[in-house]
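Q: Task: produce atomic coordinates for the following.
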Amino acid sequence: MEKCVAAGMQESLIRGSRDVNNQVNEDMKEGKSTEFVGPRVQCGIKLRSVELITQTTRNYSNLETIRSIIFSNAKQNVTLHEFSLEIKTESKLVWKLCEASFLEFDNLNKQDKKTLFSNFHTKWNVLEMGMKSAKNKDPYNNYSPSGARAKPIKDFYTSTKTNEKERLSDDDKKRLFEPIWRFRTQNVLSPLAALKFEPMENMALFGILLWDPGYTNVSDDLAEKCYAMRKIILNELMSLPALSVTLLVRIPKNNFPSFMIQPEIRYRHLDRIHCTTENYRNLENTRLSVFNKHPNASKELDVHEFSIEIMTDIKLIWRICETTFPEFNALCQQDKKTLFYNFIIKWNILELSIYSRKYNDPTKFYSPSGAVAKPADRFYENGKLSKNEINQIFGPYWAYRYENVNNPLVAMGFDETENMALLGILLWDPGYTNISESLAETCHAMRKIIFRELNSCYESSEDETTSRNFFTILDSLSLIERAEQKCREEIHLCGVHKIEFDQERKNMILIKLKNLELISRACNNYRNLELSRNTIFNRSENRINVELDLRDFASEIMLDVKLQYKFCELAFPEFHNLTPQDKKVIFYNCCIRWNIFELSIYSTKYNNTTQFYSPSGAVTKPVREFYKSDPRVKLSGEEITEVFGPIWRFHFEKVIGPLVELKLDEVENMALFGLLLWDPGYANLSVELAERCHALRKMILRELKVYYEEHDTNPGRYFETLDSLNLIEKSEEKCRREIELCGIMSKLTVSCSVCYCPSASFHFGAIVCRACAAFFRRYVNRKKMMVVCSCDKEKDSRYPCRLCRLEKCIAAGMQKSKVQAPRDSNFQFNNRMIEDRQSTSSSSPETFSRIEYGIRSRNMDVINLIARHYRNLEDTRASIFSRDVKREVNVYEFSLELKTDTKFIWKLCETTFPEFDRLCPQDRKIIFYNFYTKWSVLEIAMLAVKFNDPYNFYTPLGSPAKPITDFYGTTVKEKEVLDGNGIKQIFGPIWSYYIQNVTNPLLALKFGEMENMALFGIMLWDPAYTNINEELSEVCQAMRKIILRELTVYFEDNQADAFRFFETLDVLRLIERAEHKCQEEIELCGVYNFEVDEDMRNIVMWDKY
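A: Numbers count the residues shown, from 1 in each chain. Purely as a prediction, here's the structure:
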């Protein structure tokens, strides 16, 4: 059995119980693409290739082959009865085609399958008849699926009962059925033949017809699935001209002999639109009495009179919203007001075009009473502006309204039903930040209902232009929204030039719809903070010539922290309302990162990225003088440079430089401040506080997205801004390390921190003598070193035993990650890793042809490729290692399985990324070693989802970890140092951290395959490590940018919430924290004699920071 599985035999390919169509089913499956796995709708994957259409085309080709075997009546003439029998038999084959081509169809319940197929089959027969006619170049005959031709009318409609006299004569048959045949020939078969569709286009239509949500016998859940599948197919179809035929295929349905399996098919009702239409007609009658209007009204109005009429009419529009939509009437007063104020301006703009069309005059603006607006120079007349000045100021707005709004809307020629649908769509607009989440959900639901009704209206119409009109409706929404912005500008100008305007109407127009309340408040309070700093620190232009040492800089920061705390209370009322303890936790978590980020703000302000600026505007001294001026520091200048130089260089090159290059404005800076403050990703937050952080982060992200939309910002700007959070977090780790070193120096003597020997210096992260440094290096580099406590035997020894000495080394701050591997380390695994097939000696960004800067692609080639190769990797794992047998492993066996899997992941990187394969051996090793631990953390969470076991750890090969005491206790190299309780005490918190702060949050996010694979690429191409050279860093930045763009496309196509993108990127910080815990775990394993594979230890402890 094991040999069978290893040879690649798959249980899923075994035939089920035999039935009549089993062979057909198997032949269908043979046409399946090996690159397609899993239902796209359920896991949220949206393909950007033509994979689905190609799959259907291949399966249809197999179907044609089967038909040629089953049916032997090709090129024969058949009657209606024979024709219908063939359709009936062939329907089973088409059913199998649907199951083989669409896994989503196969996964439906039996009733939903039957509903979809019954709705679809007749339309498919009509289309396939056109395909056969085009294939045979004979649009004047009707062909069956097998290729048989229908007999002439008089012979086609022949009774099958030989002993029964026919009721219709040949003339009667011709009179009754010839119009239907003529209609089908002229309006279906001939147009289809003329279009000359390719097989791919026909199969796209197959899918579009199958996944049709526009029927009342389709449940809401099934309708949503249909919409999703249609969207996938339409995106694959791209710009091909096949979509217009969908409506065409519907037309002959009622004129064609019924071969339907399920005849009771009804289109959806239009209750909302019809109700709106009826109420709008009543409104028109009410207007006749209110305004005493008549079609030939010749009264002219100025801007003030016009606005008064609009305000009178608004009360009637409010009433129509209440009577038409019970959902609107059920809202609270504030929600009703918010929704209505968001809507009314856009409705007034649309209604201007309705009046222009009604009165057949698109050159004038009509009020609700039927009166017209005066010409522009008299419309705004106020006795202060001349006619030329009025034309100069307001002329462009009138020209815009005529040319870009009113005339296009009139030309669109919307009928009454479409106008009323637009009323509902404009009213239930969820895209504003001044509406609550619950109201936004209601808006989404109501819009969805109206769109479905409108779609059903178009599908039931016999007008061939309706499919175009549906997209025109969508275009009109953006047109009206742009006109709304112009309207606001116009009213602002009226106020500037003191032109009289109804005040209530003015307030309604100028209401801040898409506001930036949180960010704006932060901006205002930050300006006040800067003014306070000017006073407290006595800022002046000469201040930048003042240089500060460590003590002065720290004193300024501590004074400024009080101002920052006050700023948080003023900028965020939510912060002010927290308990003192929660305020302290939130602020302390944020403080260091905010100070790091503000360094980049100062560098931008003073246009200098080579110095640190204090809150007062003073600069820091050079690194040696900065620390040496403190009398407590006993290090020499060279030693200071050696200790702190790399940290300063990291800050300048990897953090401040990139942040300054982004050129963030005030709004972006304050948005980032809010995101840093309300960070839920810390273990010291309560559940309630974490939820509040999530909610506030979501609000800030929505505001930031609105800001970018209003300024037509490049979509790449959004993820560049959010990606800066990762830079700041990595810099925070360096800053903490710097503070630790400063603490060490404040207590520093010249003696060793381990053995108190004189002549100590800085080694591997601590101040120790050369002997202790050599001991530590030997321990890290020597394989299978026995570390056993022997203090009792060596009481008189100058040094403690090796175990105690090692513990003191680690306690002093020495880090294994800072120890270089031995120069002759040539173990087999590393040799294989660094083999270079192309014998390149360096990595140059010019060789990467796929990296095109500034191009925003709409496909997801890279992420799809990662996903495809990862699925192949899973198949490889399954074939080599049996996952059916759940063998529990200890820490050593766990590390061995990870080491084995590194070869597969390395190969995955090479096959997926040509850019990785073209790197020089050293660069590939650096990139991979930096990446692998983080990927292991993420994959453990993915496997927990796969095996539905979030409280255990699984290796990539499917082996679960043993219970914690056995996981470590069964790997002791020589002498047992810890018992079971000791193991729980030392390693229990690490396991708890993994489960609570890594696995559970990742499970809660419910990432799909595409999101996991995007994270794979983002983590692989991480440029923010000190062991990466400048050229390789540029390559990483470019590759990351490509993947982030594709991820943005994926979220946009799936209409994901903007917060989802941020949540995905936020996982990177969560994984990095888990990586540090992993390194801590490996160090503890070494201390307590628990064996770990040495190669895997080197990868985890790889020096990259």
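Q: Now do the contacts for residue 406.
A: Residues counted as contacts of residue 406 (Cβ atoms under 8 Å, 6 or more residues apart in numbering) are 352, 353, 356, 362, 365. Heads up, the C-betas are built off the backbone N, CA and C, glycines and all.
Q: residue contacts, the fourth one?
A: The contact partners of residue 362, by Cβ under 8 Å, 6+ apart, come to 353, 356, 402, 406, 407, 410.
Q: Over to the fourth one. Which of the three states is it?
A: Right, the one you point to is residue 406. Three-state call for residue 406 (DSSP: H, G, I helix; E, B strand; the rest coil): helix.
Q: ok, now how distant is it from residue 351?
A: Here residue 406 is placed at a distance of 11 Å from residue 351 (Cβ to Cβ, to the nearest Å).
Q: do the same with the fifth one
A: Noted for residue 407: a distance of 15 Å to residue 351, by Cβ to Cβ.
Q: Looking at these two, which has the bigger crowd around it?
A: More crowded of residue 407 and residue 351, by other Cβ atoms under 10 Å: residue 351, with 19 against 15.
Q: Would you map the strands across the stretch 401-550 of the chain?
A: In the stretch 401-550 of the chain, the strands defined using DSSP state E, counting those that start in this stretch lie at 547-548.
Q: re the thing from before, looking at the contacts of residue 406, which is nearest residue 119?
A: residue 353 (36.4 Å; Cβ to Cβ).
Q: Over to that closest one: give its phi and psi.
A: With angles defined as degrees, to the nearest 10, residue 353 sits at phi -70, psi -30.
Q: how far does stretch 993-1007 sit from the chain's center?
A: Remark: stretch 993-1007 is offset 18 Å from the chain centroid, using Cα atoms, centre = their mean, to the nearest Å.
Q: avg pLDDT for it?
A: When pLDDT is averaged over stretch 993-1007, the result is 84.
Q: And the contacts of it?
A: 681, 683, 937-938, 940-942, 944-945, 950-951, 953, 1015, 1063-1064, 1067, 1070-1071, 1073-1074, 1077.
Q: Those in helices, which ones?
A: Within the contacts of stretch 993-1007, residues falling in helices by DSSP state H are 937-938, 940-942, 944-945, 1015, 1063-1064, 1067, 1070-1071, 1073-1074, 1077.
Q: Now do the strands in the stretch 601-750 of the chain.
A: Going by DSSP E, counting those that start in this stretch, the stretch 601-750 of the chain shows strands at 619-620.
Q: how close does the closest residue to residue 79 other than its chain neighbours get to residue 421?
A: Spatial nearest neighbour of residue 79, excluding adjacent residues (Cβ to Cβ, 6 or more residues apart in numbering): residue 158 at 5.2 Å. From residue 158 across to residue 421, the span is 48 Å (Cβ to Cβ).
Q: Between those two, which is the more surrounded one?
A: A direct count of neighbours by other Cβ under 10 Å for residue 158 and residue 421 places residue 421 higher, at 24 against 16.
Q: residues in contact with that one?
A: If you count contacts by Cβ under 8 Å, 6+ apart, then residue 421 has 273, 276, 450, 453, 454, 457, 473 around it.
Q: Give the burial count for residue 61, as a bare number.
A: Close neighbours of residue 61, defined as other Cβ under 10 Å, add up to 12.
Q: Going by neighbour count, which of the contacts of residue 406 comes out on top?
A: residue 353 (27 neighbours).
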